[in-house]
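K.L.:
Any chance you can model this:
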Amino acid sequence: MRSKEEIRNSIREERAKLTKGWVKDNSWRAQELLVGLPEFKKAKRVCCYLAAPDEVETDMIIEMCWTDGKKVCVPTFRKEMNQYGLSDLCKDTNLVKGKFGIMEPAEPEWLGLDNVDFIIVPGLAFDAFGGRLGHGGGYYDRILKGIDREVFKAGLAFDYQIYERVPMSANDVGMDIVVTEKWVFKSAGSAV
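P.N.:
Predicted coordinates:
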């Protein structure tokens, strides 16, 4: 199995080759598959990341949530705690660049972590068994571990980010499902 750092370096090299058009087209397909999930359809509050330029875009998912009357929240950096929390996202929310250059609400309306039914998680790499490899800061793992009840966890990535296995440590939180522009992988490892 490749090390976390080897996988991170490989993904970063691949990301550098992506064009905006490729990202947009393949993001659309991945988002279509995600919003078709029965777990997404029944969710009342969805936590969704706001995409960095080389991640699967999430605009369509967020718009679909609002159209369907779902509440939306996004990870937002809490400087005083040096970690991410969750903030409501509405159509008129003013966004600013936050930590790592990722857009987030300018004036966060903080939510408890237990107010989420479905969380969409980015990552550098995933495997078909629900394994996830992030950038190495552990921010998403802390959010996921801070939720005291069952929440459906969906990894969202491009197909090139899927590995046979990604190394997982005790602090890493696995996904219930991983969605790409081509496949939906249940955490048992079978593509549907």
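K.L.:
Look up the closest residue to residue 49, ignoring the ones flanking it.
P.N.:
Nearest non-adjacent residue to residue 49, counting by C-beta to C-beta, 6 or more residues apart in numbering: residue 122, 5.1 Å away. Bear in mind the C-beta positions are built from the backbone N, C-alpha and C, glycine included.
K.L.:
for the chain, what's the longest helix?
P.N.:
In the chain, taking DSSP state H as the definition, the longest helix is helix 20-35.
K.L.:
roughly how far out does that helix sit from the chain middle?
P.N.:
The chain centre lies 14 Å from the centre of helix 20-35; the measure is C-alpha atoms, centre = their mean, to the nearest Å.
K.L.:
for stretch 74-91, same thing?
P.N.:
Counting by C-alpha atoms, centre = their mean, stretch 74-91 comes out at 14 Å from the chain centroid.
K.L.:
helix or strand right after the lowest-mean-pLDDT helix or strand in the chain?
P.N.:
Lowest by mean pLDDT, DSSP states H and E among the helices and strands of the chain is helix 139-145, with a mean of 84. For helix 139-145, the succeeding helix or strand toward the C-terminus, using DSSP states H and E, is strand 152-156.
K.L.:
What helices and strands are in contact with the helix or strand that that next one is followed by?
P.N.:
Later in the chain than strand 152-156, the nearest helix or strand by DSSP H and E is strand 162-163. Packing partners of strand 162-163 (3 or more C-beta pairs under 8 Å, 6 or more residues apart in numbering; DSSP states H and E): strand 125-127.
K.L.:
Next one, pLDDT for the spatially most central residue of the chain please.
P.N.:
In the chain, the centroid-proximal residue (C-alpha atoms, centre = their mean) is residue 121; its distance is 1.9 Å. Per-residue pLDDT puts residue 121 at 95.
K.L.:
does it have beta-bridge partners, and which?
P.N.:
Going by DSSP bridges, residue 121 is paired in beta bridges with residue 155.
K.L.:
That one touches residue 49, doesn't it?
P.N.:
Yes. The criterion here is C-beta atoms under 8 Å, and residue 121 meets it with residue 49 at 7.1 Å.
K.L.:
Tell me where the chain has strands.
P.N.:
45-48, 71-78, 83-88, 95-97, 103-105, 110-111, 118-121, 125-127, 132-133, 152-156, 162-163, 177-179, 184-186 (DSSP state E).
K.L.:
Would you convert those strands into a markdown table that also reports distance to residue 169?
P.N.:
Listed next are those as a markdown table, based on distance: least, C-beta to C-beta, whole Å:
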| stretch | distance to residue 169 |
| --- | --- |
| strand 45-48 | 23 |
| strand 71-78 | 21 |
| strand 83-88 | 18 |
| strand 95-97 | 30 |
| strand 103-105 | 27 |
| strand 110-111 | 28 |
| strand 118-121 | 17 |
| strand 125-127 | 14 |
| strand 132-133 | 10 |
| strand 152-156 | 17 |
| strand 162-163 | 16 |
| strand 177-179 | 18 |
| strand 184-186 | 21 |
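K.L.:
Thanks a lot, see you next time.
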